[in-house]
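[1] quick one, structure for this:
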Amino acid sequence: MIALVLPLFGHFHATTPALGQSIVTWVQTDPLTGIAMGGMDPVSYFTEAAPLPGRPDYEFVWMGAPFQFANAANLDVFAKNPEIYAPQYGGHGAMSMARGFVSDSDPMIFTVFKQRLYLFYSASNREAFLLAPDAAAIRGEEQWQLLSKTLSIR
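    Take a look at the predicted model:
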């Protein structure tokens, strides 16, 4: 009986990883679209009252991830200085990073602190960050230096 079943599963190996395993990338991207920041324009966080959605026709790939912009001017500004406008810690949750682990974030839960964009998993994480933003940002940067080495660039 086993001889008849095995050919059906000829590509299966006991060491094959589960298909559901995820790979955490350096820049957090939407798992369905592959776009960074859920398609929000990172420059608009600095220039507008509220962040703007990007457009597929204004796209720039940085650190292996596509970022979208509301207009050509924002794309050009980002392309010249992506480290200034991209979210800190690759867009992973800032307070989670300060606590020593990588988490997703929501691009609509954010703060701009000392001219840097920080994204958060939840509003309560943003509030925790804002209680001591200097300490959280420093601790987040220390953890990012360690944890980012374990992440893949697409």
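[2] leaving out sequence neighbours, find the closest residue to the residue nearest to the spatial centre of the chain.
    In the chain, the centroid-proximal residue (CA atoms, centre = their mean) is residue 28; its distance is 2.2 Å. Nearest residue to residue 28, sequence neighbours excluded (CB to CB, 6 or more residues apart in numbering): residue 91, at 4.2 Å. Just so you know, the C-beta spots here come from the backbone N, C-alpha and C atoms, and that holds for glycine as well.
[3] ok now do the one you found, which residues does it touch?
    Shown in contact with residue 91 (CB atoms under 8 Å, 6 or more residues apart in numbering): 27, 28, 36, 37, 105, 107, 119.
[4] give me the neighbour count for the closest residue to the first one other than its chain neighbours.
    Translated: residue 27. Nearest non-adjacent residue to residue 27, counting by CB to CB, 6+ apart: residue 65, 3.8 Å away. Per other CB atoms under 10 Å, the neighbour tally for residue 65 reads 22.
[5] and residue 65, what does it touch?
    Residue 65 neighbours (CB under 8 Å, 6+ apart): 25, 26, 27, 29, 34, 35, 36, 154.
[6] which among those count as buried?
    25, 26, 27, 29, 35, 36 (16 or more other CB atoms under 10 Å).
[7] any chance of these in JSON lines, with distance to residue 128 and secondary structure too?
    Listed next are these as JSON lines, based on distance: CB to CB, whole Å; DSSP: H, G, I helix; E, B strand; the rest coil:
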{"residue": "25", "distance to residue 128": "25", "secondary structure": "strand"}
{"residue": "26", "distance to residue 128": "24", "secondary structure": "coil"}
{"residue": "27", "distance to residue 128": "23", "secondary structure": "coil"}
{"residue": "29", "distance to residue 128": "25", "secondary structure": "strand"}
{"residue": "35", "distance to residue 128": "27", "secondary structure": "coil"}
{"residue": "36", "distance to residue 128": "24", "secondary structure": "strand"}
